[in-house]
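Chemist: Turn this into a model:
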Amino acid sequence: MRKFTKLVLGVTLLSMAIVACKDQKAKADPEAATAEQTESGVETPETEAIENKAIATVFNANLATEADLTGIGLPAELVTQILEQRPFLNMNDFDALVGTETNKEELYKQVFIPFNLNTTAEADFKMIPGVGDRMAHEFEEYRPYTSIKQFRREIGKYVDEAEVARYENYVFVPVELNSAAEEDIKALPGVGNRMAHEFEEYRPYTSMEQFRKEIGKYVDDKELARLERFVYLEE
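Modeler: Next up, the predicted model:
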């Protein structure tokens, strides 16, 4: 009995020492303690905020369904106009349709037409929610972009990965039809595995007319016009 009591006492003292050690470590290095919590699967407010930012949905106005547009609270009249007038070949056309009476900052958090990173005016980048003068300048600074990976690398110098991912809802890098990697083709707005395969299937392209002819087998004229703005041919 005495041996058992000593054993229990020993275990209790050891547990208290471990807890005290952890408390002392947390006080000495709060960041290390936070990292330890995160690694053990416990969500901190910071990680939760990043996850929430990453999963925010921004609909492409050219691809969103009527239910999508209605679901984010757009007036029925505006939804009808969007569906009738699309595809919008650039964000400026969509912005003009929205007009001046709408809270665009809030609207564009939910629906947008992605900007061409290589041709968009620096001032227009500020239509992207959360992008001010400095970041708009950085978007323009690294032109020409040859891939979305380059955008991630350069803009990732200024913001975290979650914010870069959010920006990707609002921009695209046009691809060269004959040389672009499949990953870069699939990064284009609304281009999935099947269409990326078709883009590659007809290589080498000798003209944009060939692109229109071949891809026009799979999509209507409106969608073809939308896709055409994402690609180019080296001369």
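
Chemist: If you average the pLDDT over stretch 195-203, what comes out?
Modeler: The pLDDT scores in stretch 195-203 average 97.

Chemist: Can you pull out the low-pLDDT segments for the chain?
Modeler: Scanning the chain for pLDDT under 70 picks out 1-56.

Chemist: repeat that for 50
Modeler: For the chain, the stretches with pLDDT under 50 are 1-54.

Chemist: Walk me through the domains of it.
Modeler: Using automatic domain parsing, the domain parsing of the chain gives 53-113, 115-172, 175-232.

Chemist: so can I have TSV of those domains showing mean neighbour count?
Modeler: In this view, the C-beta of every residue, glycine as well, is placed from N, C-alpha and C. Listed next are these as TSV, based on neighbours: other CB atoms under 10 Å:
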stretch	mean neighbour count
domain 53-113	15
domain 115-172	16
domain 175-232	15
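
Chemist: so Thr57 makes contact with Gln110?
Modeler: Yes - the pair Thr57 / Gln110 is scored as a contact, 7.5 Å apart, by CB atoms under 8 Å.

Chemist: Kindly check the end-to-end length of stretch 165-176 for me.
Modeler: 23 Å (CA to CA, to the nearest Å).

Chemist: Also stretch 185-200?
Modeler: Note: stretch 185-200 ends 9 Å apart using CA to CA.

Chemist: got it, and stretch 92-105?
Modeler: End to end - CA to CA - stretch 92-105 spans 15 Å.

Chemist: can you list contacts of that stretch?
Modeler: Outside stretch 92-105, the residues that touch it by CB atoms under 8 Å, 6 or more residues apart in numbering are 61, 78, 81-82, 85, 88, 107, 112-113, 124, 127, 129.

Chemist: Also stretch 209-219?
Modeler: Applying CB under 8 Å, 6+ apart, the external contacts of stretch 209-219 come out as 177, 195, 198-199, 201-202, 205, 224, 227-228, 231, 233.

Chemist: Swap in 6 Å and give it another go.
Modeler: The contact list for stretch 209-219, computed with CB atoms under 6 Å, 6 or more residues apart in numbering, reads 198, 202, 205, 224.

Chemist: Secondary structure and distance to Gly71 for those residues - can I get that in JSON lines?
Modeler: JSON lines is the format used below for the contacts of stretch 209-219 (DSSP: H, G, I helix; E, B strand; the rest coil; distance: CB to CB, whole Å):
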{"residue": "Glu198", "secondary structure": "helix", "distance to Gly71": "30"}
{"residue": "Tyr202", "secondary structure": "coil", "distance to Gly71": "37"}
{"residue": "Tyr205", "secondary structure": "coil", "distance to Gly71": "38"}
{"residue": "Leu224", "secondary structure": "helix", "distance to Gly71": "28"}
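
Chemist: Among the residues you listed, which one lies nearest to Pro189?
Modeler: Leu224 (14.4 Å; CB to CB).

Chemist: ok, that closest one - contacts?
Modeler: Per CB under 6 Å, 6+ apart, neighbours of Leu224: Gly216.
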